[in-house]
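In: dropping the sequence and predicted coords here.
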Amino acid sequence: MKKTQEHVFRGSISKTTLARAYAPELADSSARKRFAQWLYHHPTLIKQLEATGYTKSTRIFTPNQVRIIFDCLGEP
């Protein structure tokens, strides 16, 4: 199953798609809000993401940013 997830999340991914992967039971906007809360509750994660160019208005995560998120939060 892990190989399937790696395949699904290969390359860039939208913030909404990644948020929904972590909270599939929620609507898009609610999943994004929850995901943002998780990100900002991890100061080290936010600093690492910001070092790659991430801002609150970022809509697409780069492959490097996705790897950073997975390293901190685990894969969905």
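Out: That came through fine. Being a predicted model, the structure only gives us computed values, none of them experimental. Numbers count the residues shown, from 1 in each chain.

In: next, give phi and psi for A23.
Out: A23 has phi and psi values of phi -140, psi 70 when expressed as degrees, to the nearest 10.

In: now the spatially most central residue of the chain: closest residue in space that isn't a chain neighbour?
Out: Residue closest to the average C-alpha location in the chain (C-alpha atoms, centre = their mean): L18, at 5.0 Å. Among residues not flanking L18 along the chain, F61 sits closest, at 6.2 Å (C-beta to C-beta, 6 or more residues apart in numbering). C-betas here are computed from N, CA, C, even on glycine.

In: before we move on, back to that, the residue nearest to the centre of the chain looks like it's in a strand, true?
Out: No: counting by DSSP: H, G, I helix; E, B strand; the rest coil, one finds L18 to be helix, located in no strand.

In: surely it and F35 touch.
Out: Yes: the pair L18 / F35 is scored as a contact, 6.9 Å apart, by C-beta atoms under 8 Å.

In: need the contact partners of the helix or strand hosting A36.
Out: A36 belongs to helix 28-40 when assigned by DSSP states H and E. By C-beta atoms under 8 Å, 6 or more residues apart in numbering, the residues outside helix 28-40 that reach it are 15-16, 18-20, 22-24, 26, 45-46, 49, 56, 69, 73.

In: which parts of the helix or strand following that helix are buried?
Out: Moving toward the C-terminus from helix 28-40, the next helix or strand (DSSP H and E) is helix 43-51. Neighbour counts over helix 43-51 (16 or more other C-beta atoms under 10 Å) mark 45, 48-49 as buried.

In: for whichever helix or strand comes after helix 43-51, name the packing helices and strands.
Out: Counting by DSSP H and E, the next helix or strand C-terminal to helix 43-51 is strand 60-61. Packing contacts for strand 60-61, counted by 3 or more C-beta pairs under 8 Å, 6 or more residues apart in numbering; DSSP states H and E, involve strand 13-14, helix 15-22.

In: same thing but at 6 Å, please
Out: Strand 60-61 sits against no helix or strand, with contacts defined as 3 or more C-beta pairs under 6 Å, 6 or more residues apart in numbering; DSSP states H and E.

In: direction included, what does it pair against?
Out: Applying DSSP bridges to the sheet, strand 60-61 is found paired with strand 13-14 (antiparallel).
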